[in-house]
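Student: Next one to model:
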Amino acid sequence: QAQLVESGGGLVQTGGSLTLSCAASGLTFDRYSVGWFRQAPGKGREFVASISYSDSSTMYADSVKGRFIVYRDHTIGTAYLQMNDLKLEDTGVYYCAGAYLISTWLDDSDRYYYWGQGTQVTISP
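Tutor: Prediction:
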């Protein structure tokens, strides 16, 4: 059964760093673009970053540009979201998602078929 599993969330102070992992199983990882989304309390799910399956090109939401880095390791079927200089507004549940053979409009959650269960990231003052 195909699945994505996030890990690495936790509690960190403002200005700190965290790296989230998204481990894929049961699917051909190098055929999937990976997106990261987050949902803050009382808000809708929003796009954070993505990395294409085809050329590993990346895209970021304006709110995280220059602070977050998305990358992937095909050899172990895992994608990562390195988060630096964390801010209070980065608090939320972070989800990774997989889009099969899709490399455009990766900021659109409808492009994704598989979703992880989410991992909580909490930023404290």
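
Student: C-alpha from now on. contacts and neighbour counts both.
Tutor: Noted.

Student: Please identify the helix or strand for the residue nearest to Gly116 when sequence neighbours are not counted.
Tutor: Among residues not flanking Gly116 along the chain, Leu4 sits closest, at 4.7 Å (C-alpha to C-alpha, 6 or more residues apart in numbering). Taking DSSP states H and E as the criterion, Leu4 maps to strand 3-7.

Student: and that strand, what does it pack onto?
Tutor: Where contact means 3 or more C-alpha pairs under 8 Å, 6 or more residues apart in numbering; DSSP states H and E, strand 3-7 is packed against strand 18-25, strand 92-100, strand 114-115.

Student: Please work out which of those strands is packed deepest.
Tutor: Scoring the helices and strands packed on strand 3-7 by mean neighbour count under mean count of other C-alpha atoms under 10 Å gives strand 92-100 as the most buried, with a mean of 24.

Student: Show me how far it is from its chain's centre.
Tutor: Centroid separation for strand 92-100 versus its chain: 5 Å, with C-alpha atoms, centre = their mean, to the nearest Å.

Student: give me every residue that touches the most centrally placed residue in the chain.
Tutor: The C-alpha lying nearest the average C-alpha coordinate of the chain belongs to Trp36 (C-alpha atoms, centre = their mean; 2.4 Å). Trp36 is in contact with Phe47, Val48, Ala49, Ser50, Leu81, Tyr94, Tyr95, Cys96, Ala97, counting by C-alpha atoms under 8 Å, 6 or more residues apart in numbering.

Student: If we use 10 Å, what do you get?
Tutor: Trp36 sits next to 20, 22, 46-51, 60, 70, 79-81, 94-98, 106-107, 109, 115-116, 118 when contact means C-alpha atoms under 10 Å, 6 or more residues apart in numbering.

Student: same thing with Val64?
Tutor: Counting by C-alpha under 10 Å, 6+ apart, Val64 touches Val48, Ala49, Met83, Asn84, Asp85, Leu86, Lys87, Asp90.
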